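1. I need the structure of the sequence given here:
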Amino acid sequence: MVNIELEKNADAMRLAISGMNRHLNKIQEGGGKKRMEKLHAEGKMTARERIDYLLDDNCPRIEVGAFAGHEMYAEHGGCPAGGVVVMIGYVRGRQCIVVANDATVKAGAWFPITGKKNLRAQEIAMENRLPIIYLVDSAGVYLPMQDEIFPDKEHFGRIFRNNARLSSAGIPQIAAIMGACVAGGAYLPIMSDEALIVERTGSVFLAGPYLVKAAIGEEVDKETLGGASTHSEISGVTDYKMPDDKTCLDTIKDLIDKFGRFENAGFDRVEPKPAFGNPEDIFEIYPENGAKPYSSIEMLRRIVDGGELTQYKEHYGKSIITAYARIDGWAVGIVANNRQVVKNAKGEIQFGGVIYSDSADKATRFILNCNQKKIPLVFMHDVTGFMVGTRSEHGGIIKDGAKMVNAVANSTVPKFSIVMGNSYGAGNYAMCGKAYDPRLIVAWPTAKIAVMGGEQAAKVLTQIQMQSLKDKGEANDPAAERTLFEQIKARYESQTTPYYAAARLWVDAIIDPRDTRQWISMGIEAANNAPVEKMNVGVIQS
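-> Take a look at the predicted model:
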């Protein structure tokens, strides 16, 4: 017999994934077909073609920041994927992160979000000691927005600081100059450990021919000023001169093939098992209406190997699930919001997705245990926040919440966050939101990230505005109040979507829920490159 509710759930999830894929297909077109054809006419490959050729066939890969810049910069013609493609994959069996400028988007110019995305790629490389490969093809800073990308701490100059820090840490950086490389951007490939340059299409200089003419009156062509022969034979700035894109990428493969190995962290891995049931069971379990309760345990069973979970303090603090499991063979500790309505030991109802004092206490202890045993942590978000009200405040919810936040902040084992549904308020912090340095943080198409839900926020803001009018002596108008409420709600809810979050890199990707295991597994494999420091929890009040 068909369960109508499960069918509705599955249809809603498939529709959300279909919408996500339509957006991704458009983003992957970059600046459009005509600009791609122009690159091909110049003998160049596109950014995505270069990455496809470089990475090993038939190996998994994950794209970071595909939605960066989504629906931003409309007045500037848009900036698909932030004008740069970032992929974690394998080159000759070695896991690497690749950063490729997309020259079809404003000639690869750097928008503010481009800088943020490049810094995120370098952060991933530093945290996980991943070799990083730059495929450079960029006109430099996007001048109409230079004030938002050039001078601040997390702006353009931070890229070169990170180049130096990566080299100092012994993390390999290889740069291929496959197109323009201008002004301050010229430092990125030359501050890398090895630099390749492609003949005829690659060029690197601090000032191009027009600026040289304006500055010192010298007339010079681009190739003589900073082409492949100049820098490979005269200046010695580059290390390898390549005849074309494919030869350049093949040479990178050969270089990486010779890399040594780092000391690893020693995370435990056994032979992987598939998760329990059909991967598409997730579609039926997650509710069409994200406010409805569902079986979080059954959801987790579709993600962990064999559906096997060893629950820590199963019968205490039931609004959070803490459990040991394996994902693709890797041992993990899972902290997940329990979306079922449950009763505590006193018989009191606890609402799904809310963090209570006992749950926060349990999660804190579990996080400490995972650090003690060197087990990576996976946080599965579907949280509306901490419990409020007189009873909770008298019971010390702030203190217990602070303990959990402290433990998350000071945890030194790798943390990975999956935002399945709601991620509201301080619940986002306690569940290892972006501010708490997860190695990777991704969202399902059903995710919502905000201070609170749209309805609650609209009610609060409407009440404030109506009270302000009342204080001015203006009469209450129920119709106007309702209109105001709907306007605020619509505006607020547009800012809670996963697309809004991913556009600003609050999350690294929006993913098909069926890909959750792959993201976590590749993330732990990357993290295993870097030894883990001992945890120091600071002050946690009893």
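2. and the lowest-mean-pLDDT helix or strand in the chain, what does it pack onto?
-> One helix or strand of the chain scores below all others by mean pLDDT, DSSP states H and E: strand 349-350, with a mean of 74. Counting contacts by 3 or more CB pairs under 8 Å, 6 or more residues apart in numbering; DSSP states H and E, strand 349-350 is packed against strand 342-343. For every residue, glycine as well, the C-beta is placed using N, CA and C.
3. in the sheet, which strands lie alongside the strand it packs on, parallel or antiparallel?
-> strand 349-350 (antiparallel) (DSSP bridges).
4. so what touches the partner strand?
-> For strand 349-350, contacts defined as CB atoms under 8 Å, 6 or more residues apart in numbering pick out 318-319, 341-344, 356, 359.
5. one more: stretch 115-125?
-> Residues contacting stretch 115-125 (CB under 8 Å, 6+ apart): 64-65, 68, 82, 84, 86, 88, 97, 99, 110, 130-132, 149, 154-156, 158-159, 162-163, 166, 171, 439-440, 505, 508, 526.
6. what of stretch 491-506?
-> Contacts of stretch 491-506 (CB under 8 Å, 6+ apart): 23, 65-72, 113, 116-117, 120, 419, 434, 441, 443-450, 453-454, 457-458, 461, 507-510.
7. so where's this structure shaky on pLDDT?
-> Scanning the chain for pLDDT under 70 picks out 1-2, 184, 394, 537-542.
8. kindly list the longest helix within it.
-> helix 4-27 (DSSP state H).
9. residues in contact with the closest residue to residue 128 other than its chain neighbours?
-> Excluding the flanking residues, the one nearest residue 128 by CB to CB, 6 or more residues apart in numbering is residue 526, at 4.0 Å. By CB under 8 Å, 6+ apart, the contact list for residue 526 reads 88, 95, 124, 128, 130, 439.
10. could you work out the most separated pair of these?
-> Farthest-apart pair in these is 95 and 439; separation 13.0 Å (CB to CB).
11. tell me which of those two has more neighbours.
-> Relative neighbour count places residue 439 above the other of residue 95 and residue 439, with 22 against 19, counting by other CB atoms under 10 Å.
12. what is the burial count for the closest residue to the more buried one other than its chain neighbours?
-> Nearest non-adjacent residue to residue 439, counting by CB to CB, 6+ apart: residue 414, 4.7 Å away. Residue 414 has 26 neighbouring residues, counting by other CB under 10 Å.
13. check residue 262 too.
-> Burial of residue 262, expressed as a neighbour count using other CB under 10 Å, amounts to 16.
14. surely it touches residue 129?
-> Yes: at 5.3 Å, residue 262 counts as touching residue 129 under the criterion of CB atoms under 8 Å.
15. hang on, the earlier thing: just the contacts of residue 526: which are in helices?
-> 124, 128.
16. TSV for the contacts of residue 526, including distance to residue 515?
-> Listed next are these as TSV, based on distance: CB to CB, whole Å:
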residue	distance to residue 515
88	13
95	17
124	18
128	19
130	20
439	16
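17. and which of the contacts of residue 526 is nearest to residue 405?
-> Using CB to CB, those come closest to residue 405 at residue 439, 18.4 Å.
18. now for the closest one: which residues touch it?
-> Each residue near residue 439 by CB under 8 Å, 6+ apart is listed here: 124, 127-128, 414-416, 523, 526-527.
19. ok, back up a step: residues contacting the residue nearest to residue 439?
-> 265, 376-377, 439, 523-524, 527, 532.
20. let's see 7 Å
-> Neighbouring residues of residue 414 by CB atoms under 7 Å, 6 or more residues apart in numbering: 376, 439, 524, 527.
21. next, format those as a markdown table and append secondary structure.
-> Below are those laid out as a markdown table (DSSP: H, G, I helix; E, B strand; the rest coil):
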| residue | secondary structure |
| --- | --- |
| 376 | coil |
| 439 | coil |
| 524 | helix |
| 527 | helix |
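22. and those residues, which is closest to residue 60?
-> Once CB to CB is applied, the member of these that ends up nearest residue 60 is residue 524, at 12.9 Å.
23. surely the closest one touches residue 376?
-> Yes: Residue 524 sits in contact with residue 376 when judged by CB atoms under 7 Å, with a separation of 5.3 Å.
24. overlap in contacts, those two.
-> Common neighbours of residue 524 and residue 376 (CB under 7 Å, 6+ apart) are 267, 330, 414.
25. any figure for the gap between the first one and residue 130?
-> The gap separating residue 267 from residue 130 is 15 Å, by CB to CB, to the nearest Å.
26. those two: who's more crowded?
-> residue 130 (25 against 18).
27. surely the more buried one and residue 95 touch.
-> Yes: here residue 130 reaches residue 95: they are 6.3 Å apart, a contact under CB under 7 Å.
28. that older thread, any idea which helix or strand comes after the least confident helix or strand of the chain?
-> Moving toward the C-terminus from strand 349-350, the next helix or strand (DSSP states H and E) is strand 354-355.
29. for residue 424, what are phi and psi?
-> phi -110, psi 140 (degrees, to the nearest 10).
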